[in-house]
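A.B. asks: any chance you can model this:
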Amino acid sequence: MTLEQLRIFVGVAEREHMTRAAEALGVTQSAASAAIATLEARHDVPLFNRVGRGIELTEAGRMFLDEARAVLGRAATAELTLAEYGGLKRGTLRLVASQTIASYWLPSRLAQFHSRHPAIRVELAIDNSEGAAAQVLDGRAELGFVEGSIDQPALAHWKVGEDRMLLISGQAVDTIDEDWVRGANWIVREHGSGTRSSFEDVLRDRGIDPADLNIAMTLPSNEAVRSAVEAGAGVAVLSELVVRRALAAGHLHELPLAMPARPFEALRHKERYRTRAADALTELVKEFG
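C.D. replies: I've put the predicted structure just below:
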């Protein structure tokens, strides 16, 4: 039994005329007759009485008509559902982003995305960069946004922005040298954080082993690190996005340590299906530059 056979049966039943039904359905009369005959033969149940040159539903045919209409209705609903997903009229876009990106870089882009596609529900998880990559890898998130680069062959990654890292303190310092770096009390993020790994890469480029630092505190969020530095617990390297307001208010001081810009990258699984919603967000991010 096929949807086409059901469609022809309903058309014939509603008109009680094979020729008119075939014309309305855009099929030949022989095709319409064959579809009805196939249904009747398969189940050994007559659906129509042939009375003279006319036809009328049997009792079985009348009962089957209700079921056939219901099946065709559900099929139409299913087709509409797929069309709406393809047309960005419904659906859920699952994202994951590292803390800096999720808190300071991504919200304005998601607000614009919602304005364009209000029927798409966005679910954003927050994790450090390694954790975000893991969520994209195992399918919990369709797109990820991380600080720095992720070396995972199964994931496609591309640059979507960049960020400036700053050395910050509660007190001004004129000169930063290797001895100062080794002697300072450092407030750092946890291992796996893009902020921490970016800072450690800078240290290695300067010939300093991160293990030589005096780590006073390891904290789980940018805001916790910033607050600890404001309270005088030590110094830290954080994104300019995180400390911009505190610097402007005079609560923190930027210290003279030049650091290269770090990239923000988007991640997706190379082998998983890309939804229209994910493609739309990707294009919007490109527009932002």
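A.B. asks: which element follows the strand or helix carrying Gly61 toward the C-terminus?
C.D. replies: Assigned by DSSP states H and E, Gly61 falls within helix 59-86. As assigned by DSSP H and E, the chain's next helix or strand after helix 59-86 is strand 92-97.
A.B. asks: which residues of the stretch 51-200 of the chain score low on pLDDT?
C.D. replies: For the stretch 51-200 of the chain, applying pLDDT under 70 flags the ranges 84.
A.B. asks: how distant is the helix holding Gly61 from the center of its chain?
C.D. replies: Relative to its chain's centre, helix 59-86 lies at 31 Å (Cα atoms, centre = their mean, to the nearest Å).
A.B. asks: in it, what counts as buried?
C.D. replies: The neighbour-count check on helix 59-86 (16 or more other Cβ atoms under 10 Å) flags 61, 64-65, 68, 85 as buried. For every residue, glycine as well, the C-beta is placed using N, CA and C.
A.B. asks: now the angle between strand 92-97 and that helix, please.
C.D. replies: Orientation of helix 59-86 against strand 92-97 (axes from the mean of the first three to the mean of the last three Cα atoms, to 10 degrees) gives an angle of 30 degrees.
A.B. asks: packing partners for helix 59-86?
C.D. replies: Contacts defined by 3 or more Cβ pairs under 8 Å, 6 or more residues apart in numbering; DSSP states H and E place helix 59-86 against helix 3-15.
A.B. asks: the helix or strand following the helix it packs on: which residues count as buried?
C.D. replies: Going down the chain from helix 3-15, the next helix or strand is helix 18-25, by DSSP H and E. Residues 18, 21-22, 25 are the ones in helix 18-25 that count as buried (16+ other Cβ under 10 Å).
A.B. asks: how about stretch 132-146?
C.D. replies: 132-137, 141-146.
A.B. asks: only C-alpha atoms, please: export the strand or helix carrying Ala278 in PDB.
C.D. replies: Under the criterion of DSSP H and E, Ala278 resides in helix 276-288. Output of helix 276-288 as PDB, limited to C-alpha atoms (Å, rounded to 0.1, in the frame of the first residue of the first chain):
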ATOM      1  CA  ARG A 276      20.200  24.900   7.600                       C
ATOM      2  CA  ALA A 277      20.100  26.600  10.900                       C
ATOM      3  CA  ALA A 278      23.800  26.000  11.500                       C
ATOM      4  CA  ASP A 279      24.700  27.200   8.000                       C
ATOM      5  CA  ALA A 280      22.600  30.300   8.600                       C
ATOM      6  CA  LEU A 281      24.500  31.100  11.800                       C
ATOM      7  CA  THR A 282      27.800  30.500  10.100                       C
ATOM      8  CA  GLU A 283      26.900  33.000   7.400                       C
ATOM      9  CA  LEU A 284      25.800  35.500  10.000                       C
ATOM     10  CA  VAL A 285      29.100  35.200  11.900                       C
ATOM     11  CA  LYS A 286      30.900  35.900   8.600                       C
ATOM     12  CA  GLU A 287      28.900  39.000   8.100                       C
ATOM     13  CA  PHE A 288      29.900  40.300  11.500                       C
END
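A.B. asks: helices or strands next to it in the packing?
C.D. replies: strand 92-97, helix 107-116, strand 143-147, strand 155-163, strand 262-269.
A.B. asks: cutoff 7 Å now
C.D. replies: When contacts are defined as 3 or more Cβ pairs under 7 Å, 6 or more residues apart in numbering; DSSP states H and E, helix 276-288 sits against strand 92-97, helix 107-116.
A.B. asks: list of residues touching that helix?
C.D. replies: With Cβ atoms under 7 Å, 6 or more residues apart in numbering as the test, helix 276-288 has contacts from 86, 88, 91, 93, 109, 112-113, 117, 120, 142-143, 160, 266.
A.B. asks: could you check that helix and say which residues are buried?
C.D. replies: Neighbour-count burial for helix 276-288, counted by 16+ other Cβ under 10 Å, picks out 276-278, 280-281, 284-285.
A.B. asks: give me the angle between that helix and strand 262-269.
C.D. replies: 160 degrees.
A.B. asks: contacts for stretch 251-263?
C.D. replies: 147-149, 159, 162-173, 176, 198, 202, 229-230, 243, 246-247.
A.B. asks: mind checking which of those are in helices?
C.D. replies: 198, 202, 229-230, 243, 246-247 (DSSP state H).
A.B. asks: follow-up on the earlier one: in PyMOL, select just the buried ones from the contacts of helix 276-288.
C.D. replies: The buried residues among the contacts of helix 276-288 can be selected in PyMOL (16+ other Cβ under 10 Å) with this line:
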select buried, resi 88+91+93+109+113+117+120+142+143+160+266
